[in-house]
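> Curious how this folds, go ahead:
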Amino acid sequence: MSTREPRPSRRSKPMKRRSSSCKKGGFASITARKAYPSEQIGVSIKEVDGRATITEILDDSIFIDSGLKVGDILLSLNGQSTRDAFLSDLIASGNGAEDKVTMVVRQAGAESGLQKSPSKRTSLSSNPNELEVEKEKDQDVGIRFKVHDNKLMVSKILRGSVFQDTDLKVGDLVSKVNEMDFYSYADADYALKIANKRGPSVKLQLRQRN
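Okay, here's the model as predicted:
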């Protein structure tokens, strides 16, 4: 009577997490999938020097081996900017997501500023009609507006602008700057003041392009 050797247990190997990432010029969009809806993301996020910073990634985190690292600066979670929400609310929304969680981060050690722009900036907003990029408070965003047919229009994108390597183009019409509505009236100087003042990001909502 022949005997069969026991098959190796499939449980002997840890489950490999399904994750994906897209990295561009010091920024990364990292998506991790949950095994079940109530699974926690397993990431600690705290404010460090005014930035939402990844401070711990647990061994059983859905982001383990995803490319996310301690020290990365969180810019948005599931399309919601850290500028517009409390960290506790962002973490809760990640824990409450049913299927997957996406974080957009500036990777630890990545340089920023007007003089050094990434090869291609990724908008922090998931809305295709919005462009949102990181900037320092009171930093010149490096674009200029003018009024055209009573509409606010991008007239110039300066070299080294925070928008230099985005999809923003001269001639684009802007309806909102940092949630300030310029749809029914246009004031180029005031719009630039609003864009430069805020941090840690600046958001433009665009009208339909020609």
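> residue boundaries of the strands in the protein?
Assigned by DSSP state E, the strands in the chain fall at 19-24, 27-33, 43-48, 51-57, 73-77, 80-81, 100-106, 130-134, 143-148, 151-157, 173-177, 180-181, 201-206.
> Just give me the lowest mean pLDDT stretch among the ones you listed.
Of all the strands of the chain, strand 19-24 carries the lowest average pLDDT, namely a mean of 71.
> Turn the strands of the chain into JSON lines, including mean neighbour count and distance to Ser93.
In this view, the C-beta of every residue, glycine as well, is placed from N, C-alpha and C. Formatted as JSON lines, the strands of the chain follow (neighbours: other C-beta atoms under 10 Å; distance: least, C-beta to C-beta, whole Å):
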{"stretch": "strand 19-24", "mean neighbour count": "14", "distance to Ser93": "18"}
{"stretch": "strand 27-33", "mean neighbour count": "21", "distance to Ser93": "14"}
{"stretch": "strand 43-48", "mean neighbour count": "16", "distance to Ser93": "12"}
{"stretch": "strand 51-57", "mean neighbour count": "18", "distance to Ser93": "13"}
{"stretch": "strand 73-77", "mean neighbour count": "23", "distance to Ser93": "7"}
{"stretch": "strand 80-81", "mean neighbour count": "18", "distance to Ser93": "7"}
{"stretch": "strand 100-106", "mean neighbour count": "22", "distance to Ser93": "9"}
{"stretch": "strand 130-134", "mean neighbour count": "22", "distance to Ser93": "18"}
{"stretch": "strand 143-148", "mean neighbour count": "18", "distance to Ser93": "31"}
{"stretch": "strand 151-157", "mean neighbour count": "18", "distance to Ser93": "32"}
{"stretch": "strand 173-177", "mean neighbour count": "20", "distance to Ser93": "23"}
{"stretch": "strand 180-181", "mean neighbour count": "13", "distance to Ser93": "25"}
{"stretch": "strand 201-206", "mean neighbour count": "22", "distance to Ser93": "18"}
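> would you list the ones you listed in TSV and tack on distance to Ser88?
Formatted as TSV, the strands of the chain follow (distance: least, C-beta to C-beta, whole Å):
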stretch	distance to Ser88
strand 19-24	24
strand 27-33	20
strand 43-48	9
strand 51-57	11
strand 73-77	12
strand 80-81	13
strand 100-106	16
strand 130-134	22
strand 143-148	34
strand 151-157	35
strand 173-177	27
strand 180-181	27
strand 201-206	20
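> so which of those strands gets nearest Gly67?
strand 19-24 (4.5 Å; C-beta to C-beta).
> just the CA coordinates of the closest one, formatted as PDB?
The C-alpha trace of strand 19-24 is given here as PDB (Å, rounded to 0.1, in the frame of the first residue of the first chain):
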ATOM      1  CA  SER A  19      -1.300  47.000  -3.600                       C
ATOM      2  CA  SER A  20      -0.300  49.300  -6.400                       C
ATOM      3  CA  SER A  21       1.600  52.600  -6.600                       C
ATOM      4  CA  CYS A  22       2.400  55.300  -9.100                       C
ATOM      5  CA  LYS A  23       5.500  57.400  -8.300                       C
ATOM      6  CA  LYS A  24       6.400  60.700 -10.100                       C
END
